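A.B. asks: Curious how this folds, go ahead:
(chains A and B)
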Amino acid sequence: MKKLKAIIQMMLVFVTLLTVSAIQTNSASAADNSLQRVKQRGELIMVTSPDYPPYEFQVNKGGKSRIVGMDIDVAKKVAKDLGVKLVIKSMNFDSLLVAIQTGKADMAIGGINPTNERRQSVDFSDIYYSGGQSFLINSKDVNKYKSVKNLRGGKIGAQTGTLQYGLAKKRIPGATVKGMDKSTDLVLALKTNKIDALGIEKPSAEAYVKNDPSLKMIPSGYHLNKNDIGAAIAFKKGSTSLVNAVNKSIVQIKKKHLTDKYLASAGKYMKVNTVNTSMFHYWKYFASGVEYTILISLVSTFFGVLIGVVLALMRFSRQRWLRGLAISYTEFIRGTPLMVQVMFVYFGIGVIINIPALISGMIAVSLNSGAYVAEIIRGGINSVGKGQTEAAESLGLTKGDMMRYVILPQAFKNIWPALGNEFISLIKESSIVSIIGVTDLIYQLNIVRADTYRGVMPIFVAMVLYFLMTFLLTRLLNHYEGKMKHAG
Amino acid sequence: MQDKAVIEVNHLNKKFGENTILKDINGTVKSGQVICVIGPSGAGKSTFLRCLNLLEKPTSGEVKFDGTDLTHVDGKQLLDLRERMGMVFQSFNLFPNMTVLKNLMLAPMRVKHMTEDEAKKTAMHLLDRVGLQSKAEAYPSSLSGGQQQRVAIARALAMNPEVMLFDEPTSALDPEMVGEVLEVMQELANEGMTMVVVTHEMGFAKSVANQVWFMADGYILEKSSPSEMFDNPQNERAKDFIGKIIEAK
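C.D. replies: Below you'll find the model as predicted:
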């Protein structure tokens, strides 16, 4: 009972520490030096979710991947007017506002509607473009869904965290609203009849209709105020100086009707984009995705095993607090999803020290893997007979030497298959880092999907690539297992 | 030399939870002596032996090695004293992840800080002594039980110990292999090694031991010379035990 109490105490300390660090992040916005900071840095950092043509999307130009679109042109203009360089970061739409709140970027842009709910957590610039809402439907349903009224009681898709999602829920009576992260997934869902209609901004809908004859657009029929149809740039609360500076650019954009020009050039990119949609054309995307996935997996495996060994040894320590710490850590990590850990490291810890997405992803995956490896190693150490410890002790070996030369080598041999399993699942689970914009295979897969308007083929390619990686790893592990068997 | 006490045990008690395994054990092992500990199973013989190098921590009492009470030292000092006592186990406990040679070299290199060449020379010499030089590069799993136990003895000797503790070294062996191990132990005794041997090999005890200790129910009930113990035991329990063994033979 006493032991249990100690463990619970440790856990409480752990959780309290996390909470304290989380609360601190909210009180860090005292004086407004937002504009000054951007100018000093000489860089304006923006985040966007580049899967929303024509607002922002990724194109393959001369073998290089670039983010383009109306919003990007707006951001370029803003940066130029401020006299600084524009730096573009990409991540899921869901995470955009979190990214600016936690200081990962100066501004978020991405066809964001400045609704009252959002205004409570972030500041907005003036509206730079008013698009309006619409629905995409399949061409064959044109007669079925002549207007929004026909959608009542139907299945409507919308991007999670967007205005369209909320509007469909509130304004279409009896409708079931299905949310997904990526608009490419939603379009695919529509085309495969998983949903009847897709709530989307008008310019985006127009882009899809232009590129895909199997899709049609109908107006939303919502009566909305300008905040619900316009797009604005989001900033961290209290960035008044930066907002004011940006608004000056927006006044010019509106006066000169620059968005029309921007949309036209975005449209041109989209036409270029659909010429060659064979997967082979995108091999560089997949190759770079595989490269990052392997890199993350390798680094995380290395540190995972290191952390795992340390934690496992802590479990066998004579110090009670070391044991308690190791147990709490393992329980906590195993009891929370990797996805949450990835976001916590990037957004949460990132407020105190700014860690790039790739490193954050590696840290989170390593920390996570460490907990699992620790349990495997602990099992392995327990599997080595007590006689081995006694023999080593009777020879006068220190505890460290005993572990290093006698116990751990035998433990590793026993747990090799279980460790192999962990490495294989690591390759697959590392895919979660794409949510913070690490350009791993999943991330690239989504870009290719957004780029080609082909929903299934890129998934298939990624599936084959993942299988190849895990298959080769399995062969490699079997090879070493055979070698170890040979050695006694 | 003969009179110097190497191990001295005073009022040793050992409890596992509610069970008292050893009760007020007293005894002295002098330099060069061979002590055989005999008795029925469950008597506490192995626990007694394991208390001598503190693989088991005594509940109370003293275990003095070369004048130092082991029950009151810890960490580095305990390791230093332990390396001067060799131990051989019933189940050999060779390290299966290393060759025979590496089994013999590990402790001398890590504990005594011998160079690799020195350690290898010592190891090969000892393997020669137990007749297993040809098995230096083999892994323990490819050896017979008797060979493994001879390697285990050589491994303990590689640390050049002052005392050797044997915990039923032949109990896990097939009958035809018992001889080769006892032979090695006999040679060791002839060379003057101080030894404490827990054994069921009465023949060995009779011919090699200086003194035989009879244990039952956690007590040492009789200490006498081999001839007295086997021909004319004083204690009733000892009489009964030895009678049964002779009958069985």
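A.B. asks: mind listing what the residue lying closest to residue B:112 once chain neighbours are set aside touches?
C.D. replies: Sequence neighbours aside, residue B:159 is the residue nearest to residue B:112 in space, at 6.9 Å (criterion: CB to CB, 6 or more residues apart in numbering or on different chains). For glycine as for every other residue, the C-beta is placed from the backbone atoms N, C-alpha and C. Listed by CB atoms under 8 Å, 6 or more residues apart in numbering or on different chains, the contact set of residue B:159 reads A:395-396, B:83-84, B:86, B:107-108, B:111-112.
A.B. asks: Just read off the phi/psi values of residue B:159.
C.D. replies: Backbone torsions of residue B:159, given as degrees, to the nearest 10, read phi -90, psi 0.
A.B. asks: Likewise for residue B:197?
C.D. replies: In terms of degrees, to the nearest 10, the main-chain angles of residue B:197 are phi -120, psi 120.
A.B. asks: Nearest spatial neighbour of it, chain-adjacent residues omitted?
C.D. replies: residue B:166 (4.3 Å).
A.B. asks: residue ranges for the strands of the chain, please.
C.D. replies: I'll assume chain A. Using DSSP state E, the strands of chain A run over A:43-48, A:51-52, A:56-61, A:64-68, A:85-90, A:107-108, A:122-130, A:133-138, A:155-159, A:176-180, A:197-201, A:215-219, A:230-236.
A.B. asks: meant chain B actually
C.D. replies: Under DSSP E, chain B gives strands at B:5-16, B:19-30, B:34-38, B:60-65, B:68-69, B:85-88, B:163-167, B:194-198, B:211-216, B:219-224.
A.B. asks: Sheet partners, orientation included, of the second one?
C.D. replies: Same thing as strand B:19-30. Note on strand B:19-30: by DSSP bridges, its sheet partners are strand B:5-16 (antiparallel).
A.B. asks: How far away from the center of its chain is the partner strand?
C.D. replies: With CA atoms, centre = their mean, to the nearest Å as the basis, strand B:5-16 stands 15 Å off its chain's centre.
A.B. asks: which residues are contacting that strand?
C.D. replies: By CB under 8 Å, 6+ apart, the list of residues contacting strand B:5-16 reads B:20-31, B:44, B:47-48, B:51-52, B:56, B:58-66, B:162-163, B:194, B:196.
A.B. asks: contacting residues for the closest residue to residue A:461 other than its chain neighbours?
C.D. replies: With sequence-adjacent residues excluded and distances taken as CB to CB, 6+ apart, residue A:461 is closest to residue A:279, at 5.1 Å. Counting by CB under 8 Å, 6+ apart, residue A:279 touches A:286, A:448, A:457-458, A:461.
A.B. asks: May I ask which of those has the most neighbours?
C.D. replies: residue A:448 (26 neighbours; other CB atoms under 10 Å in any protein chain shown).
A.B. asks: who touches that residue in this structure?
C.D. replies: Taking CB under 8 Å, 6+ apart as the test, what residue A:448 contacts is A:279, A:282, A:285-286, A:454, A:458, A:461.
A.B. asks: returning to that earlier point: now the strands of chain A in a markdown table, please, with extra columns for mean pLDDT.
C.D. replies: Shown next, in a markdown table, are the strands of chain A (pLDDT from 0 to 100):
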| stretch | mean pLDDT |
| --- | --- |
| strand A:43-48 | 92 |
| strand A:51-52 | 80 |
| strand A:56-61 | 78 |
| strand A:64-68 | 81 |
| strand A:85-90 | 91 |
| strand A:107-108 | 94 |
| strand A:122-130 | 91 |
| strand A:133-138 | 90 |
| strand A:155-159 | 90 |
| strand A:176-180 | 86 |
| strand A:197-201 | 90 |
| strand A:215-219 | 89 |
| strand A:230-236 | 91 |
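A.B. asks: Make JSON lines from those and add distance to chain B and mean neighbour count to it.
C.D. replies: Shown next, in JSON lines, are the strands of chain A (distance: least, CB to the nearest CB, whole Å; neighbours: other CB atoms under 10 Å in any protein chain shown):
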{"stretch": "strand A:43-48", "distance to chain B": "52", "mean neighbour count": "24"}
{"stretch": "strand A:51-52", "distance to chain B": "52", "mean neighbour count": "26"}
{"stretch": "strand A:56-61", "distance to chain B": "52", "mean neighbour count": "22"}
{"stretch": "strand A:64-68", "distance to chain B": "49", "mean neighbour count": "16"}
{"stretch": "strand A:85-90", "distance to chain B": "49", "mean neighbour count": "17"}
{"stretch": "strand A:107-108", "distance to chain B": "56", "mean neighbour count": "28"}
{"stretch": "strand A:122-130", "distance to chain B": "59", "mean neighbour count": "21"}
{"stretch": "strand A:133-138", "distance to chain B": "64", "mean neighbour count": "24"}
{"stretch": "strand A:155-159", "distance to chain B": "56", "mean neighbour count": "24"}
{"stretch": "strand A:176-180", "distance to chain B": "52", "mean neighbour count": "17"}
{"stretch": "strand A:197-201", "distance to chain B": "61", "mean neighbour count": "28"}
{"stretch": "strand A:215-219", "distance to chain B": "64", "mean neighbour count": "18"}
{"stretch": "strand A:230-236", "distance to chain B": "55", "mean neighbour count": "25"}
